[in-house]
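Chemist: Okay, structure incoming, though there's no sequence with it:
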């Protein structure tokens, strides 16, 4: 049962990375690919039907952790308290900016919200990437399973560690580059005109940066957490998923050069999904790694919830998950085709 719920948590987080990732990337890029108010409204029209629904997967992941691994959730929330508030403030700013920017037909008003939207969309991938870096590097867990972290210490990635050090910042930059590339493939697929052309021009450049950073981050991970990559040869599933990520990256380059924008977007989805799940497969069963003593780490086994509760929750998941998937299938089906900017007095 813990293995199943670990897989469910990974799937929820992967869905969030892939789905909310493209509108993060679109938001971070929109000041560069959209020069006029009409073009920026076109970017908002492209992500408008999806962005708030995409965030549901983050809530679903939190719910899975609450049910399946309550010790992980409680320890993580207390240890990353300040960082979580930074994420929440950024999510709130981003949502408000999307909804408020068209309420007043004034250039200063709209540019202010556009700037807030771009800033929040840029910071969130960095925050989430740094959070992943903390999980891979480890945190100073005590015997009770609790920890606390300063924002930064000496940036060495060694005890005493902080939320930010050279490694977590590097992973944050890699996450930003990956989601910028993901957003560019989405905008190239869903828009036309100048926004489409500018987005397509960025796809190969951004993914070239992603390919380089992937190598750098892999080498850095081997230095910070040697056990992660050492486990890769013994885990066929992780090898398969990593190969899927590499294949997805190759598809992005091949498809974008042929003008097949939807295929390039699907390749980017495959890259993010494969990389996320391969990482999870390598670190299993560890969920919160201790930097001081491996025996203090919280794992899928010593942090799992009550078996009876997990079985009951699985029944509800079997009802709710297909409905959520059906919702997204319908939304993407209804809003197929190129996005069209709304009129000035019609919301987005």
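Modeler: Received, thanks. Note that the coordinates shown come from a computational prediction; the quantities given were computed from them, not determined experimentally.
Chemist: which residues sit against the helix or strand of the chain with the lowest mean pLDDT?
Modeler: Ranked by mean pLDDT, DSSP states H and E, the weakest helix or strand in the chain is strand 150-152, scoring a mean of 80. Strand 150-152 has contacts (C-beta atoms under 8 Å, 6 or more residues apart in numbering) with 82, 160, 162-165. (Glycine included, C-beta is placed from N, CA and C.)
Chemist: For PyMOL, write the select line for the buried members of the residues you listed.
Modeler: Buried residues among the contacts of strand 150-152 (16 or more other C-beta atoms under 10 Å), as a PyMOL selection:
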select buried, resi 162+163+164+165
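Chemist: low pLDDT regions in this protein?
Modeler: 342-348 (pLDDT under 70).
Chemist: Looking at the contacts of strand 150-152, which are in strands?
Modeler: Among those, the members falling in strands are 162-164 (criterion: DSSP state E).
Chemist: Could you check which helix or strand contains the nearest residue to residue 238 once chain neighbours are set aside?
Modeler: Spatial nearest neighbour of residue 238, excluding adjacent residues (C-beta to C-beta, 6 or more residues apart in numbering): residue 281 at 3.8 Å. Counting by DSSP states H and E, the element that carries residue 281 is helix 261-283.
Chemist: helices or strands up against the helix or strand that comes right after that helix?
Modeler: The helix or strand immediately downstream of helix 261-283 is strand 286-288, counting by DSSP H and E. The elements that strand 286-288 packs onto, with contact taken as 3 or more C-beta pairs under 8 Å, 6 or more residues apart in numbering; DSSP states H and E, are helix 70-79, strand 298-299.
Chemist: Verify the stated contact: residue 233 with residue 282.
Modeler: No. Residue 233 is beyond contact range of residue 282, at 10.3 Å (criterion: C-beta atoms under 8 Å).
Chemist: Pick out whichever of these two has more residues nearby.
Modeler: residue 282 (24 against 9; other C-beta atoms under 10 Å).
Chemist: In contact with the more buried one, which residues?
Modeler: With C-beta under 8 Å, 6+ apart, residue 282 has these contacts: 228-229, 231-232, 235, 238.
Chemist: redo that, cut-off 10 Å
Modeler: By C-beta atoms under 10 Å, 6 or more residues apart in numbering, the contact list for residue 282 reads 136, 221, 225, 227-232, 234-235, 237-239, 241-242.
Chemist: can you check residue 258 too?
Modeler: residue 264.
Chemist: follow-up on the earlier one: which residues sit in contact with the residue nearest to residue 238?
Modeler: 6-7, 10, 231-232, 235-242.
Chemist: Residue 29 too?
Modeler: Residues in contact with residue 29 (C-beta under 10 Å, 6+ apart) are 43, 118, 121-122, 179-181, 183-184, 186-187, 195, 198-199, 202, 206.
Chemist: now those residues: which count as buried?
Modeler: Applying 16+ other C-beta under 10 Å to the contacts of residue 29 flags 43, 118, 121-122, 179-181, 183-184, 186-187, 195, 198-199, 202, 206 as buried.
Chemist: closest to residue 73 among the ones in strands among the contacts of strand 150-152?
Modeler: Residue 73 has its nearest neighbour among the ones in strands among the contacts of strand 150-152 in residue 163, at 17.8 Å by C-beta to C-beta.
Chemist: Please report the distance of the closest one from residue 308.
Modeler: 36 Å (C-beta to C-beta, to the nearest Å).
Chemist: Just the buried ones out of the contacts of residue 281, please.
Modeler: Buried, going by 16+ other C-beta under 10 Å: 6, 10, 231, 238, 241-242, out of those.
Chemist: now those in a markdown table, with distance to residue 141?
Modeler: Listed next are those as a markdown table, based on distance: C-beta to C-beta, whole Å:
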| residue | distance to residue 141 |
| --- | --- |
| 6 | 18 |
| 10 | 21 |
| 231 | 20 |
| 238 | 24 |
| 241 | 27 |
| 242 | 28 |
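Chemist: which among the residues you listed gets closest to residue 170?
Modeler: For these, the nearest to residue 170 is residue 242 (18.9 Å; C-beta to C-beta).
Chemist: what's the angle between the helix or strand that closest one falls within and helix 261-283?
Modeler: Secondary structure from DSSP H and E places residue 242 in helix 236-257. Inter-element angle recorded for helix 236-257 and helix 261-283: 160 degrees (by axes from the mean of the first three to the mean of the last three C-alpha atoms, to 10 degrees).
Chemist: the inter-axis angle of the strand or helix carrying residue 131 versus helix 261-283?
Modeler: For residue 131, the host element (DSSP H and E) is helix 107-137. Angle of helix 107-137 versus helix 261-283, following the same axes, to 10 degrees, is 40 degrees.
Chemist: Right, I'll call it a day here.
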